[in-house]
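In: prediction below, plus the sequence it came from.
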Amino acid sequence: MPHPIVFDDADPVLIRVRSIALALPDTSEVVAHGRPTFRCGKMFGNYGGSVKGGERHDQSLLFIPDASEREALLDDPRFFLPAYLGPYGWVGILLHDWSDWDEVTELLDASYRQVAPKRSLAKLRSIGDAPADG
């Protein structure tokens, strides 16, 4: 039995996250476990999550931060350690209409760069983006 859908396509926060994620080269959206996920081969973003044994955060973004920034992010009350993905290095950020969307873009970009294949990263460089790691 599939997971129930736990998001609304008309959610304005999801619409913003989707536009940021899908603007990156070779990305796709796949619904998994009832939530939108963003992928470039591997998953780099997940819309919505929860804290293990705790509160569900439907308007949040799960992402893979740079390892050097992870602890500092988790010290900020806007961020949380998500159930299931947290032990694998993922972090969640609570989102609102008034979120810092430049920051969200940077976090998604950093997460994308950790999973995207070299050919996709090369497309970032070809459109004038900052040099990709790797």
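Out: On my side now, so go ahead. Numbers count the residues shown, from 1 in each chain.
In: got a list of contacts for the longest helix along the chain?
Out: Among the segments of the chain that qualify as a helix by DSSP state H, the longest is helix 101-115. The set of residues that contact helix 101-115 without belonging to it, under Cβ atoms under 8 Å, 6 or more residues apart in numbering, is 16-17, 20-21, 24, 27, 38-45, 61, 63-66, 93, 95, 121, 124, 132-134. Backbone N, C-alpha and C define where each C-beta goes, glycine included.
In: can you select the buried ones from those residues in PyMOL?
Out: Only the buried members of the contacts of helix 101-115 end up in this PyMOL selection, burial being decided by 16 or more other Cβ atoms under 10 Å:
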select buried, resi 16+17+20+21+24+27+38+39+40+43+44+45+61+63+64+65+93+95+121+124+132
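In: where exactly do the helices run in the chain?
Out: For the chain, the helices defined by DSSP H cover 12-22, 70-75, 101-115, 118-126.
In: and stretch 86-102, which residues are buried?
Out: Buried, per 16+ other Cβ under 10 Å, within stretch 86-102: 86, 90, 91, 92, 93, 95, 99.
In: so, low pLDDT: which residues of the protein?
Out: For the chain, the stretches with pLDDT under 70 are 126-134.
In: centroid residue for it?
Out: Nearest to the centroid of the C-alpha atoms of the chain, with distances taken as Cα atoms, centre = their mean, sits residue 45, at 2.8 Å.
In: can you pull up the bridge partners for that residue?
Out: In this structure, residue 45 bridges to residue 38, residue 63 when assessed by DSSP bridges.
In: residues touching it, list them.
Out: Under the criterion of Cβ under 8 Å, 6+ apart, the contact partners of residue 45 comprise 17, 21, 37, 38, 61, 62, 63, 108, 111, 112.
In: can you lay out those residues as TSV showing distance to residue 71?
Out: Below are the contacts of residue 45 laid out as TSV (distance: Cβ to Cβ, whole Å):
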residue	distance to residue 71
17	24
21	25
37	25
38	24
61	19
62	17
63	15
108	20
111	17
112	21
